[in-house]
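Asks: What follows is a predicted structure for the sequence shown.
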Amino acid sequence: MKFKSRLTAFATIFVLSSVACAPTLAETILLARGDDTFGQGWLFLDASGQCRIATPRHVVERTDGTLSAPDLLDSFGRLHPTESPVAAVDDEVDLAFLTVRGPIAKEGCSRDRVRLTPLQPIIESIKQATLEITTPTERQSLAVAFRALSRDSEGGKIIALSPVDDEVSLQKGMSGGTVLHNGRPIAMLYEVDPDEGVGIALRYDQIASELQKLSAATKSKIGEQRRSFNNLMLLKGRVSKRDTSIGSFLSGTSPLHLSPVSGRVTFVMEMDRLSKVSGLRINGRGLSGQGALIVETDTDGQGFVPGTRCELTDDVVCAMSPRRLSRLRVTITGPAEANYTIDSLEPFGGQQ
């Protein structure tokens, strides 16, 4: 259904005042889709305490209709893998969910929980709201006015909104931004008509309802992959191909496409247990003659110490003295124009 046809289903309700909102703690996050393209989503805990992201489906949808698992870009510039992209049961709802992996999930990614509590009474009483937007360089808070609500039995699943300030305009890249009131998520922006200056947002109680509909049996296939490490976090460098990610590499659905930033790519591999490791093997393309492979090791958070250094090749086996460790920090050096395709990445030496 086209944007303007949606607007015909709305009845004008009210226009909010131009008073700016008080600062709130936003959980709007960036999703790195590869090749310096980004989307947005809302980070929250589901009923089981699992770290999840809600985002418009089109943000993670490939051209062939399948869903990708973009990486979560944190405020320190680190990339964390996601997994299990799943679309809402209702095909008419532009909505998808992701599960977050790695340390950010273990440490408690968010205090927010998307709730089924009806939002209609709150929406009808709201006198001010903000649209929280995240970009690679900054966070933005825009004062917005609700222009219309859809007519339905729930009192308005979809909300039309626009900036209070006439000098501010909504842009298409803002999809996934969240409307907040007193720190509570009210609705998620999923469509923008820049010519009309209007955005369309889905209420969060409806997002919670869609999440509840999804089968609890939906589980990631990542756990079925046989590997000795259970997480990979990119500290430096960039994912160079669109619609690929650390998450898709870990799930076995795509190679890992990386390019150096400031002459290097650096990532941390977290082992699934304290393991005896005697080296690292990387198989890929575009690696030979580009630089060096540097491996450092850490045991239970005691700090990284030198492990080994080898010349970079397309099938490099980099050995070191055997040691028990919990993490590897791997650096691949090379020029900014290098494009590395990593097909497999595996520590060797056995576990104990």
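Replies: Sure thing, it's come through. Residues are numbered from 1 along each chain as shown.

Asks: Please count neighbours and contacts with C-alpha atoms only from this point.
Replies: Fine.

Asks: which residues touch Ile104?
Replies: When contacts are counted by Cα atoms under 8 Å, 6 or more residues apart in numbering, Ile104 touches His80.

Asks: part of a helix, is it?
Replies: Yes - under DSSP: H, G, I helix; E, B strand; the rest coil, Ile104 sits within a helix.

Asks: quick one: low-confidence ranges for the stretch 251-352 of the chain?
Replies: Within the stretch 251-352 of the chain, the ranges that satisfy pLDDT under 70 run 350-352.

Asks: what are the ranges of the strands in it?
Replies: 256-259, 264-285, 292-298, 305-311, 315-333, 340-348 (DSSP state E, counting those that start in this stretch).

Asks: so which of the ones you listed is the most packed in?
Replies: strand 256-259 (a mean of 24; mean count of other Cα atoms under 10 Å).

Asks: So what are the sheet partners of that one and their directions?
Replies: Here strand 256-259 has these sheet partners by DSSP bridges: strand 238-239 (antiparallel), strand 340-348 (antiparallel).

Asks: Give me the distance from the helix or strand where Gly39 lies to the chain's centre.
Replies: Here Gly39 is covered by strand 37-45, with elements defined by DSSP states H and E. Here strand 37-45 is found 5 Å from its chain centre; the criterion is Cα atoms, centre = their mean, to the nearest Å.

Asks: That strand - contacts with which helices or strands?
Replies: Judged by 3 or more Cα pairs under 8 Å, 6 or more residues apart in numbering; DSSP states H and E, strand 37-45 is in contact with strand 28-34, strand 51-55.

Asks: Mind checking the strands of the stretch 251-352 of the chain for the one nearest to Gly183?
Replies: strand 264-285 (33.6 Å; Cα to Cα).

Asks: then that closest one to CSV, C-alphas only?
Replies: Coordinates of the C-alpha atoms in strand 264-285 are reproduced here as CSV (Å, rounded to 0.1, in the frame of the first residue of the first chain):
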residue,chain,number,x,y,z
ARG,A,264,44.4,-2.3,10.0
VAL,A,265,41.4,-4.6,10.7
THR,A,266,41.2,-5.7,14.4
PHE,A,267,38.7,-8.0,16.0
VAL,A,268,38.3,-10.1,19.1
MET,A,269,37.3,-13.7,19.1
GLU,A,270,35.8,-15.0,22.3
MET,A,271,36.2,-18.7,22.9
ASP,A,272,33.3,-20.8,24.1
ARG,A,273,35.4,-22.1,27.0
LEU,A,274,39.0,-21.8,28.4
SER,A,275,40.8,-23.5,25.5
LYS,A,276,44.2,-24.8,24.6
VAL,A,277,45.2,-23.0,21.3
SER,A,278,48.4,-23.3,19.3
GLY,A,279,47.6,-21.1,16.4
LEU,A,280,45.0,-19.5,14.0
ARG,A,281,44.1,-20.4,10.4
ILE,A,282,42.5,-18.0,8.0
ASN,A,283,41.3,-19.0,4.6
GLY,A,284,40.1,-16.3,2.2
ARG,A,285,40.7,-14.1,-0.8
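
Asks: Switch the strands paired with strand 256-259 over to a markdown table; also include distance to Ala160.
Replies: Below are the strands paired with strand 256-259 laid out as a markdown table (distance: least, Cα to Cα, whole Å):
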| stretch | distance to Ala160 |
| --- | --- |
| strand 238-239 | 35 |
| strand 340-348 | 43 |
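
Asks: so what's the spatially closest residue to Gly34 that is not a sequence neighbour up against?
Replies: Spatial nearest neighbour of Gly34, chain neighbours left out: Arg242 (4.0 Å); criterion: Cα to Cα, 6 or more residues apart in numbering. Arg242 is in contact with Arg33, Gly34, Asp35, Asp36, Thr37, counting by Cα under 8 Å, 6+ apart.

Asks: so which of those is the most crowded?
Replies: The residue in the contacts of Arg242 with the most neighbours, by other Cα atoms under 10 Å, is Arg33 (25 neighbours).

Asks: Please tell me how far that one sits from Thr82.
Replies: Distance, Arg33 to Thr82, by Cα to Cα, to the nearest Å: 11 Å.

Asks: okay, and the common contacts of those two?
Replies: What both Arg33 and Thr82 touch, as defined by Cα under 8 Å, 6+ apart, is the set Pro70, Asp71.

Asks: In this structure, where's the longest helix?
Replies: Identified as the longest helix of the chain according to DSSP state H is helix 204-213.

Asks: Can you report phi and psi for Pro56?
Replies: In this entry, Pro56 is assigned phi and psi values of phi -60, psi 140 (degrees, to the nearest 10).

Asks: mind checking how far it is from Met188?
Replies: 8 Å.

Asks: thinking Leu131 is in contact with Ser141, fair?
Replies: Yes - applying Cα atoms under 8 Å, one finds Leu131 in contact with Ser141, separated by 5.6 Å.
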